[in-house]
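Trainee: Using only what follows, build the 3D model:
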Amino acid sequence: MVSELNDLNLIEGDLLDKMLLAQRVGKFLRSDKEEKERLVIENVAHLLAKDLHNAVREMLAFEIRNCTLLNAELAETIATDIQSVSKPFLAETPTFTDDQLATLIPKLQNFAHVTLAKRKDIGEETVMALVTVADSEAVTFVVRNHDVSIPEKGMLTVMDRFPDQTTLMDYMSERTDLPVSIALDLIERISAVYKNALIQRYNVSEPVAEIVRKKSTAEVILDRLNKLEDGRVHGYVIDLHREGKISIDLILELGPNLSHQFLLSSIAVLTGNTVSEIRVILSLEDTKDFVRFCKGSGFTDHQSVKLLRLIKQVNESLS
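Mentor: Numbers count the residues shown, from 1 in each chain. As a prediction, this is how the structure comes out:
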């Protein structure tokens with residue numbers, strides 16, 4: 001085959017001729033040949049992999065998708081090509097090691113991430129790279145892929161990146177490799193049907209489950225708040241209120257860890273006042289006004305005292 005290449009112009013050659021050549025190159029690279037001859041053919045493959053015609057690159061990628069031994073640069077060129085070229089290749093290629101594929105993930109487009117997430121044979125490094133870099137669509141396929149192992153660190157990464165995506169959390173709860181700590185953390189993040197199934201599977205008693213739910217709510221909110229800009233806090237509070245998760249007890253439980261903006265927004269939403277009105281009341285310039293506000297909002301004396309203490313702590317942190 002090598003001797004025939006001299007007569008072929010790979011730059012200006014006929015499209016059909018180059019497609020046929022790509023097919024033959026693929027067949028050659030799938031076989032065991034001497035290294036010297038193989039290097040020559042790989043050089044031809046490099047040229048074909050950069051051909052201007054998509055059809056030529058598609059043919060080459062399809063033909064070498066099952067090659068166990070490929071030049072690393074050639075494999076990466078194909079893997080990072082357009083969807084019609086790289087997708088069939090990435091769906092099957094065994095040429096990359098786990099580390100190599102993990103390193104490649106940030107360079108790939110979303111369709112490539114999805115393609116890899118569906119494979120049954122990806123390693124933990126690749127899984128970690130996907131859950132760290134890919135968008136929610138690809139990560140969902142990883143989570144639903146029960147043929148691959150997700151390390152605990154990877155599960156935590158998913159929960160940290162997509163805390164508000166209940167459907168994704170539901171799928172996570174169905175995995176059979178969940179550590180108990182992850183399972184308990186998921187209880188507050190998943191829908192009722194999945195929550196009950198998870199509690200039963202891990203044999204969590206109802207009193208313990210209830211404690212975990214309350215603890216989880218506070219931790220999830222704090223974790224989320226640490227990642228939100230002030231301008232997005234009020235919208236987040238409205239969502240929490242709509243889900244029935246905002247209460248005076250929860251606000252007091254969060255304590256001085258919560259932000260000033262969250263305190264203003266949560267009290268405002270809970271009591272039906274505007275943030276501006278609550279800002280004046282919580283400034284404590286008029287303590288009698290604060291007492292009237294607490295009584296009018298239905299707070300107990302104990303709650304009012306704790307709220308006053310909390311407001312002073314938060315206000316002092318601002319000065």
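Trainee: and stretch 182-199, what's its mean pLDDT?
Mentor: Over the span of stretch 182-199, the pLDDT mean works out to 84.
Trainee: how far does it sit from the chain's center?
Mentor: Remark: stretch 182-199 is offset 19 Å from the chain centroid, using Cα atoms, centre = their mean, to the nearest Å.
Trainee: so how far does it reach from one end to the other?
Mentor: Taking Cα to Cα, to the nearest Å, stretch 182-199 runs 12 Å from one end to the other.
Trainee: do stretch 147-156 as well
Mentor: Chord length of stretch 147-156, first to last residue, is 19 Å (Cα to Cα).
Trainee: What are the buried residues along that stretch?
Mentor: Val148, Ile150, Gly154, Met155, Leu156 (16 or more other Cβ atoms under 10 Å). Every residue, glycine included, has its C-beta placed from N, CA and C.
Trainee: And the contacts of that stretch?
Mentor: Here stretch 147-156 makes contact (Cβ atoms under 8 Å, 6 or more residues apart in numbering) with 119-122, 124, 127-128, 131, 142-143, 158, 172, 175, 177-179, 181-182.
Trainee: per-residue confidence at the nearest residue to Arg279 once chain neighbours are set aside?
Mentor: In this structure, Arg279 finds its nearest non-sequential neighbour in Leu264, 5.7 Å apart by Cβ to Cβ, 6 or more residues apart in numbering. The predicted local distance difference test score for Leu264 is 92.
Trainee: Which of the three states applies to Leu264?
Mentor: Three-state call for Leu264 (DSSP: H, G, I helix; E, B strand; the rest coil): helix.
Trainee: my read: it touches Val275, true?
Mentor: Yes - at 5.2 Å, Leu264 and Val275 qualify as touching, with contact defined as Cβ atoms under 8 Å.
Trainee: These two: who's more crowded?
Mentor: For the pair Leu264 and Val275, the greater number of neighbours falls to Leu264 (24 against 15), based on other Cβ atoms under 10 Å.
Trainee: got the contact list for that one?
Mentor: For Leu264, the contact set (Cβ under 8 Å, 6+ apart) comprises Val275, Ile278, Arg279, Leu282.
Trainee: Can you select the buried ones from those residues in ChimeraX?
Mentor: Restricted to the buried members of those, where burial is judged by 16+ other Cβ under 10 Å, the ChimeraX selection command reads as follows:
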select :278,282
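Trainee: what does the model give Leu69 for pLDDT?
Mentor: The predicted local distance difference test score for Leu69 is 86.
Trainee: hmm, I was thinking of Ser297
Mentor: As predicted, Ser297 sits at a pLDDT of 92.
Trainee: which residues touch the residue nearest to Leu240 when sequence neighbours are not counted?
Mentor: The spatial neighbour of Leu240 that comes closest, neighbours along the chain excluded (Cβ to Cβ, 6+ apart), is Ile246 at 4.9 Å. Ile246 sits next to Val237, Leu240, Ser266, Val269, Leu270 when contact means Cβ under 8 Å, 6+ apart.
Trainee: Equivalent analysis for Ala112, please.
Mentor: Taking Cβ under 8 Å, 6+ apart, we find Ala112 in contact with Ala79, Thr80, Gln83, Ser86, Lys87, Leu90.
Trainee: These, buried ones only, as a PyMOL selection?
Mentor: Those of these that meet the burial criterion (16+ other Cβ under 10 Å) are gathered into one PyMOL selection, given here:
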select buried, resi 79+86+87+90
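Trainee: from the contacts of Ala112, which ones fall inside strands?
Mentor: If you go by DSSP state E, the contacts of Ala112 have nothing in strands.
Trainee: Distance to Leu198 and pLDDT added to the contacts of Ala112, as CSV?
Mentor: Shown next, in CSV, are the contacts of Ala112 (distance: Cβ to Cβ, whole Å; pLDDT from 0 to 100):
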residue, distance to Leu198, pLDDT
Ala79, 37, 96
Thr80, 39, 96
Gln83, 37, 96
Ser86, 37, 96
Lys87, 35, 97
Leu90, 33, 97
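Trainee: export the contacts of Ala112 to CSV and tack on distance to His260?
Mentor: Output for the contacts of Ala112, formatted as CSV (distance: Cβ to Cβ, whole Å):
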residue, distance to His260
Ala79, 48
Thr80, 46
Gln83, 47
Ser86, 49
Lys87, 49
Leu90, 48
